[in-house]
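In: Give me coordinates for this.
(chains A and B)
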Protein chains: 2
Amino acid sequence: MPSEFDLIAQYFTRPAPDGMLGVGDDCALFPVPAGMQVATSKDLLVSGRHFYPDVDPRALGHKSLAVNLSDLGAMGAQPIGCLLGLALPSADAAWLAAFADGFHALAARHGCALIGGDTTRSPQDLVISVTVFGAVAPTRALRRDAARPGDDIWVSGELGAADVAYRLLDGQIPPDATLLAATRRALEWPEPRVALGQALGGIAHAAIDLSDGLVQDLGHILKASAVGARIDYAALPVAAAIAALPEPVRRRAILGGGDVYELCFTAPASARDAVADAARRAGVPVSRIGAIVPEAGIEVREADGRLMEALPGGFDHFGAG
Amino acid sequence: MPSEFDLIAQYFTRPAPDGMLGVGDDCALFPVPAGMQVATSKDLLVSGRHFYPDVDPRALGHKSLAVNLSDLGAMGAQPIGCLLGLALPSADAAWLAAFADGFHALAARHGCALIGGDTTRSPQDLVISVTVFGAVAPTRALRRDAARPGDDIWVSGELGAADVAYRLLDGQIPPDATLLAATRRALEWPEPRVALGQALGGIAHAAIDLSDGLVQDLGHILKASAVGARIDYAALPVAAAIAALPEPVRRRAILGGGDVYELCFTAPASARDAVADAARRAGVPVSRIGAIVPEAGIEVREADGRLMEALPGGFDHFGAG
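Out: Residues are numbered from 1 along each chain as shown, chains lettered A, B, ... in the order given. This is a model prediction of the structure:
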């Protein structure tokens, strides 16, 4: 079996961008543009909890970085680079090659080179930990505590597909190959909204990505900003693939479904044209779904004006849900 | 059981230092002093491989950060902050409280506040991933590729105790409570040489920490710098606690024993006074153990001038050793 160092060198060592020091020293080194702050985030993905052990390793490499790039997007930051930590129960060259391919391909598209990390053997679980770095001007950072009463609430892309794919694969929804084929990409190949987040700098107030689902993640903005929200259910952008499903399944997927790397953000009503322009420049559709109000809580109104009760919550790794 | 968010809030949320954004947003934000680069490193610690499941959680919290701070020290960087990723098979409040105590106490001593991270449940393995950030002027970074023929080779502190403690706990050395008591602290509470690394900026050429053992880690400097080394075995600083052990045990511990968070560094012979002064300022003893030579390889000479054969190698997580 090749040594740890051989494996790292073979699959994860790439030349560092100019001005950086990459894999192969005690630390990686990178410069930061004058006047910018460093934005950083780190996620853990664990086999059996966040992905199935038999998932396509290329998709897994993509998604491991995508969920972290999504955090940079939700902050309005421009990617600089990333670190990868892998705890592996075994070292399979074909698996590592495909994982590395998926990872590097997304990294290259976003200018987020892999500049360091750590690889080790684990007894049983496969654990992936990525740390990303980006740069953002302090005045353009999209913080959770910046929503203001009167702001519009927006989401990017479409909602619901990832949750339905997850529940199909998990056996919670009866097998349906057509439905799985139409939803699986949303779950396994999420596209982080990095360009949109940067385009919204100076326009949007607060932003978050929907990794835990709309209700829970919007709730984080509301709590941090000490405000509430009114949502127009009919305005939510629903993935076409799930439009014909029974309403309880749709509703849970749209409002409660996590693993959605779309942005939810707020912006003053005076900025509607600017938001539309930013979305066009980023090539991502956005939908205006409601408004920030002074009163705490989330109210979701159906098309007929009725208040929705018992909102589906989000995903809690340690909770019962 | 409290939710993931309650656990994180309770044990790992502390106020962020002035000018930073800490736990609770998509990303943490921190500023970087003008003219400095960011140094960053990330390590994974896995239960059953890097620590025993029943280790004192306070010591584990300390060590999880210490091994990463050691990387900043080996680069000559000043700590800025850190991220913590925890994949836990269960959420035990007493364990988390003690782990957090050990982590935060070391973080506070080094001005390396916890500003973000991720916590999740794992099926079986406990995996800890810490990412640290520091600042270093590009001209003062202690890179592995900077050793030059004629440089002295130095190590900080003492060698051998951590390896003996590990082998006692692992049953490879017959039980000896006195010996364990005298060596265990080196294994479980390593003191990262952050102040020494910074004091050596502008004085030392290359540096590395001895996480994989002297022979293997010095080997990384030699390979990166395309040089070789001559080591004087009698000059190696040996922990008093292991001085009386049989020579094969001592030798393996001193030359091959990993998990030693001392620095090995090279500096021009003209800088001996400056090195001694830096060590005094940092409060860490240093020993001059040999010299860099143009010819590749490591030669270790015993006190009688004989060349040592079959050097003990270092630790390879994926290898047979």
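
In: show me the contacts for the closest residue to A:Ala278 other than its chain neighbours.
Out: Of all residues not flanking A:Ala278 in the chain, A:Ala199 sits nearest, at 3.7 Å (Cβ to Cβ, 6 or more residues apart in numbering or on different chains). Placement of C-beta: from N, CA and C, glycine included. By Cβ atoms under 8 Å, 6 or more residues apart in numbering or on different chains, A:Ala199 lies in contact with A:Ala278, A:Ala279, A:Arg281, A:Ala282.

In: So A:Ala199 versus chain B, what's the distance?
Out: Separation of A:Ala199 from chain B (Cβ to the nearest Cβ, to the nearest Å) stands at 16 Å.

In: And for A:Leu86?
Out: Here the distance between A:Leu86 and chain B works out to 8 Å (Cβ to the nearest Cβ).

In: and that residue, backbone torsions?
Out: Phi and psi for A:Leu86, reported as degrees, to the nearest 10, are phi -130, psi 120.

In: mind checking how far stretch A:117-130 is from the chain centre?
Out: Here stretch A:117-130 is found 21 Å from its chain centre; the criterion is Cα atoms, centre = their mean, to the nearest Å.

In: scratch that, stretch A:139-151
Out: When distances are taken as Cα atoms, centre = their mean, stretch A:139-151 is centred 19 Å away from the chain's centroid.

In: And for it, what's in contact with it?
Out: With Cβ under 8 Å, 6+ apart as the criterion, stretch A:139-151 contacts A:37, A:39, A:74-77, A:197, A:200-202, A:204-208, A:220-222, A:224-225, A:227, A:265-269, A:291-294, B:21, B:24-26, B:29.

In: Show me which residues of that stretch are buried.
Out: Neighbour-count burial for stretch A:139-151 flags A:Arg140, A:Ala141, A:Leu142, A:Arg143, A:Arg144, A:Asp145, A:Ala146, A:Ala147, A:Asp151 (criterion: 16 or more other Cβ atoms under 10 Å in any protein chain shown).

In: Next: stretch A:179-195.
Out: A:179-180, A:182-184, A:186-188, A:190-195.

In: which one of those residues is nearest A:Val130?
Out: Nearest to A:Val130 among the buried residues of stretch A:179-195: A:Pro192, at 11.7 Å, using Cβ to Cβ.

In: Do I have it right that that closest one meets A:Val260?
Out: No - the criterion here is Cβ atoms under 8 Å, and A:Pro192 misses it with A:Val260 at 11.4 Å.

In: where along chain A do the helices fall?
Out: For chain A, the helices defined by DSSP state H cover A:4-12, A:57-75, A:93-109, A:161-169, A:177-188, A:194-199, A:214-225, A:247-251, A:272-282.

In: Which of the buried residues of stretch A:179-195 sits closest to B:Pro17?
Out: Within these, the smallest distance to B:Pro17 is 27.1 Å, found for A:Val194 (Cβ to Cβ).

In: ok, that closest one - contacts?
Out: Residues counted as contacts of A:Val194 (Cβ under 8 Å, 6+ apart) are A:Leu69, A:Ser70, A:Leu72, A:Gly73, A:Gln78, A:Pro79, A:His110.

In: Going by the annotation, which residue ranges form each domain of chain A?
Out: As given by the TED database, the domain ranges for chain A are A:4-136, A:151-301.

In: just flag whichever of those domains has the lowest average confidence.
Out: Note on these: lowest mean pLDDT is at domain A:4-136, with a mean of 92.

In: Now do that domain: distance to the chain's middle.
Out: That offset, for domain A:4-136, works out to 15 Å (Cα atoms, centre = their mean).

In: Check the burial of A:Tyr52 by counting its neighbours.
Out: Close neighbours of A:Tyr52, defined as other Cβ atoms under 10 Å in any protein chain shown, add up to 14.

In: Next, the contact list for the closest residue to it other than its chain neighbours, please.
Out: Computed as Cβ to Cβ, 6+ apart, the closest residue to A:Tyr52 that is not its neighbour in sequence is A:Leu169, at 6.6 Å. A:Leu169 makes contact with A:Tyr52, A:Leu180, A:Arg184, A:Leu187, according to Cβ under 8 Å, 6+ apart.

In: Now distance to B:Ser64 too, for the residues you listed, in CSV please.
Out: Putting the contacts of A:Leu169 into CSV (distance: Cβ to Cβ, whole Å) gives the following:
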residue, distance to B:Ser64
A:Tyr52, 29
A:Leu180, 40
A:Arg184, 36
A:Leu187, 32
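
In: Flag every residue of the stretch 101-250 of chain A that's near chain B.
Out: Contact residues (Cβ under 8 Å from any Cβ of the partner chain) of the stretch 101-250 of chain A with chain B: A:115-125, A:127, A:129, A:131, A:133-134, A:136, A:138, A:141-145, A:207-209, A:224.

In: Just the buried ones among these, please.
Out: Using 16+ other Cβ under 10 Å as the burial test, those include A:115-122, A:125, A:127, A:129, A:131, A:133-134, A:136, A:141-145, A:207-209, A:224 as buried.

In: List the contacts of A:Val284.
Out: A:Val284 makes contact with A:Ser156, A:Gly157, A:Arg193, A:Ala195, A:Leu196 under the criterion Cβ under 8 Å, 6+ apart.

In: can you give me phi and psi for it?
Out: Backbone geometry at A:Val284, expressed as degrees, to the nearest 10, gives phi -130, psi 130.
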